[in-house]
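Enquirer: Take a look and give me a structure for this.
(one chain, ligands or ions: 2)
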Amino acid sequence: MAIQISPSILSADFAHLAAEAEAVSQSADWLHVDVMDNHFVPNLTLGLPVVEALRASASLPLDCHLMIEDPDRWAPSFAEAGAGSVTIHAEAARSPVRTLRTIRSSGARAGLALNPVTPVDGYAELLGELDMVLMMTVEPGFGGQPFLDMVLPKIRRARALINDSDADIWLQVDGGVSAETIERAAEAGADVFVAGSAVYGADDPGHAVDALRTQAEKATH
Ligand SMILES: O=C(CO)[C@@H](O)[C@H](O)COP(=O)(O)O
Ligand SMILES: [Fe+2]
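Expert: Numbers count the residues shown, from 1 in each chain. Ligands and ions are numbered 1, 2, ... in the order given. Purely as a prediction, here's the structure:
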């Protein structure tokens, strides 16, 4: 399982987004874009126009994490805007099968995110519709929060379900991922790592991505 790193631009300088994206373009695999609507989470960030602008200027594929109340309405537009991956929250989606299929039919990867206390077993039936499962290791809404170790058993459970399914599904962790926590998440079975403050809070974001990848690889070999 190849390790992938997806820096979150939530911790980047929004006045210089293109340059911030460029700073990780040689070292990262994706650019993680946190879309928040102040309803599903108590924070408001960015929407489709910013994703369209990033799509036109950034070289990395966009990994859009929709923390919004009505993903069934909006997710297809993010896929059509050229996002490489669109992840909806299980707690918010009312028609997840239809929405995940629509994302895929636009050529994007389809992801399902689970909040820290949302059980994974109830979603086993959806695995056939998924390219990625996102495990939140903080309550969604803000960058810079501490990693929740209580989610580690659920990451292990998701890894087992994915392996049993024989499908090629990535397992992403998002929230509090740092040089200190990434090994625990990798050991539990995650293979895609979102990191905001650990990358954009560093003096050299590109180097921080390399260091995170090295740590995760060490844990899985
Ligand atoms: O989705 C979210 C927060 O809701 C994340 O993508 C954060 O932006 C990650 O930031 P750090 O916890 O790595 O600082
Ligand atoms: Fe995120």
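Enquirer: Next one: P96 relative to ligand 1, how far apart?
Expert: For P96, the distance to ligand 1 (CB to the nearest ligand atom, to the nearest Å) stands at 19 Å. Heads up, the C-betas are built off the backbone N, CA and C, glycines and all.
Enquirer: For that residue, give me phi and psi.
Expert: With angles defined as degrees, to the nearest 10, P96 sits at phi -60, psi -40.
Enquirer: P76 now?
Expert: Main-chain dihedrals, P76, degrees, to the nearest 10: phi -60, psi -30.
Enquirer: Now for it: which residues touch it?
Expert: Counting by CB atoms under 8 Å, 6 or more residues apart in numbering, P76 makes contact with 99, 102-103, 106.
Enquirer: Packing partners of the host helix or strand of S6?
Expert: According to DSSP states H and E, S6 maps onto strand 4-7. Applying 3 or more CB pairs under 8 Å, 6 or more residues apart in numbering; DSSP states H and E, one finds that strand 4-7 makes contact with strand 31-36, strand 192-195, helix 205-220.
Enquirer: so which of the ones you listed is the most packed in?
Expert: strand 192-195 (a mean of 28; mean count of other CB atoms under 10 Å).
Enquirer: about what we covered before: could you export the helices and strands packed on strand 4-7 as a markdown table, including mean pLDDT and distance to ligand 1?
Expert: Shown next, in a markdown table, are the helices and strands packed on strand 4-7 (pLDDT from 0 to 100; distance: least, CB to the nearest ligand atom, whole Å):
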| stretch | mean pLDDT | distance to ligand 1 |
| --- | --- | --- |
| strand 31-36 | 98 | 5 |
| strand 192-195 | 98 | 5 |
| helix 205-220 | 97 | 10 |
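Enquirer: Kindly reformat the ones you listed as JSON lines and extend each row with distance to T137.
Expert: JSON lines is the format used below for the helices and strands packed on strand 4-7 (distance: least, CB to CB, whole Å):
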{"stretch": "strand 31-36", "distance to T137": "14"}
{"stretch": "strand 192-195", "distance to T137": "9"}
{"stretch": "helix 205-220", "distance to T137": "14"}
